[in-house]
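A.B. asks: take this sequence and fold it.
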Amino acid sequence: MAVELTGVPETMLWTLWFRAAEARRPDTVLADPEAVRAVERTDFPFRERFGPPHELMAQQMALRAAAFDAVTREFLDAYPEGTVVALGEGLETSYWRVDNGRLHWLTVDLPESLALRTRVLPAAPRQRTLACDARDPRWLDGLDPDAGVLVTAEGLFMYLRPAEVRDLIRACAERLPGGGLVFDAVPRWFAARSRRQQLRMPTGWTAPPMPWGMDADQRPALRRVHPAVAEVREVPLPPGRGLFWGRLAPWAAGTPQLGRLWPTVTLLRFGSRRRTTGRAGEEADET
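C.D. replies: Sure, this is the predicted structure:
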């Protein structure tokens, strides 16, 4: 299946290439056969465009996916028939790794990204797609917060402007009482390098500019984005393979000085809406 993508949409091929390379290892940190099959189905010069997969980078992308999976499984333990909304999902394959046979899944992505996804990845039961920009709040229409909703944004927020990130968090907080949002962020120094076009692969491919970055010590400020943000929680990457991802990276991420140099994964939980009775005996929503 021939592919022609540029800019931010092309990054979904980049992450797929590295994640599939990690999945092929006998000692992989993330079993991901759908990612391997997706690469095999796609007529794209992965190696020529992105170069040979670097082991440390491939493992990092797999560990990030594993961290998101852990949050999703925790959510499904509480809401076995809940809805997961995957914003800007690209060619991520989380559905096949976490499916409990009861969940509902909504993929929200740009039309050109969805066109490739529907061709490369098989149609899955209980999975819907919506061709919609994640910044367009209409994807929130029809969701039932009482049934449980978890929004995931893996590899997305760094490509949004700071105000757009705040607006998206606010929209989720207002429309999804009792729900959650899990997202990853690159540190500010890394985002700045991307804006200077300094994230270049040996093949010459350059990562798109990243307008937004967040250091680990900025995480507590997310509580001030909206009054309904009831909890801000760090989601650590699971320990990986080898000296770097197995020992050094977990240690560095846990120290105040070095922790701000690392990418982060964060879970926001929104306050539940309860019914209260006013002075006149009228019921009102309260978050």
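
A.B. asks: my guess is Asp217 meets Gln257, correct?
C.D. replies: No: contact criterion CB atoms under 8 Å: Asp217 and Gln257 do not qualify, at 9.7 Å. Placement of C-beta: from N, CA and C, glycine included.

A.B. asks: higher neighbour count, the two?
C.D. replies: Neighbours were counted for Asp217 and for Gln257 using other CB atoms under 10 Å; Asp217 has more, 12 against 8.

A.B. asks: wasn't the more buried one part of a helix?
C.D. replies: Yes: assigned with DSSP: H, G, I helix; E, B strand; the rest coil, Asp217 falls within a helix.

A.B. asks: ok, now which ones touch the residue nearest to it when sequence neighbours are not counted?
C.D. replies: Nearest non-adjacent residue to Asp217, counting by CB to CB, 6 or more residues apart in numbering: Arg260, 5.4 Å away. By CB atoms under 8 Å, 6 or more residues apart in numbering, the contact list for Arg260 reads 187, 215-217.

A.B. asks: same question for stretch 211-225, mean pLDDT?
C.D. replies: If you average the pLDDT over stretch 211-225, you get 96.

A.B. asks: output stretch 147-157 as CSV, restricted to C-alpha atoms.
C.D. replies: Provided in CSV are the C-alpha atoms of stretch 147-157 (Å, rounded to 0.1, in the frame of the first residue of the first chain):
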residue,chain,number,x,y,z
ALA,A,147,-20.2,4.8,31.4
GLY,A,148,-16.5,5.7,31.8
VAL,A,149,-14.3,7.6,29.3
LEU,A,150,-10.5,7.7,29.1
VAL,A,151,-8.9,10.0,26.5
THR,A,152,-5.4,9.1,25.3
ALA,A,153,-3.1,11.5,23.4
GLU,A,154,0.1,9.6,22.6
GLY,A,155,2.6,11.5,20.6
LEU,A,156,0.2,14.4,19.9
PHE,A,157,0.4,17.3,22.4
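
A.B. asks: list the buried residues of that stretch.
C.D. replies: Residues of stretch 147-157 classed as buried: 148-157 (neighbour count, 16 or more other CB atoms under 10 Å).

A.B. asks: who touches it?
C.D. replies: Outside stretch 147-157, the residues touching it (CB under 8 Å, 6+ apart) are 11-12, 15, 64-65, 68, 71-72, 75, 78-79, 81-90, 92, 94, 134, 143, 165, 168, 172, 176, 178-185, 212.

A.B. asks: quick one, helices of the stretch 151-287 of the chain?
C.D. replies: Listed in chain order, the helices of the stretch 151-287 of the chain (DSSP state H, counting those that start in this stretch) span residues 162-175, 188-195, 242-243, 249-253, 256-259.

A.B. asks: the shortest one - contacts with which helices or strands?
C.D. replies: Think helix 242-243. Of the remaining helices and strands, none touches helix 242-243 by 3 or more CB pairs under 8 Å, 6 or more residues apart in numbering; DSSP states H and E.

A.B. asks: and that helix, how far out from the chain middle?
C.D. replies: Centroid separation for helix 242-243 versus its chain: 25 Å, with CA atoms, centre = their mean, to the nearest Å.

A.B. asks: same question, stretch 259-271
C.D. replies: 11 Å.

A.B. asks: mean confidence (pLDDT) on that stretch, please.
C.D. replies: For stretch 259-271, the mean per-residue pLDDT is 94.

A.B. asks: what about that stretch, how long is it end to end?
C.D. replies: End-to-end distance for stretch 259-271, by CA to CA, to the nearest Å: 28 Å.

A.B. asks: strands along the stretch 51-200 of the chain, start to end?
C.D. replies: Listed in chain order, the strands of the stretch 51-200 of the chain (DSSP state E, counting those that start in this stretch) span 83-87, 104-109, 127-131, 149-153, 180-185.

A.B. asks: so what touches the last one?
C.D. replies: Outside of strand 180-185, the residues that reach it under the criterion CB under 8 Å, 6+ apart are 64, 67-68, 71-72, 75, 149-158, 169, 172, 212-214, 235, 263-270.
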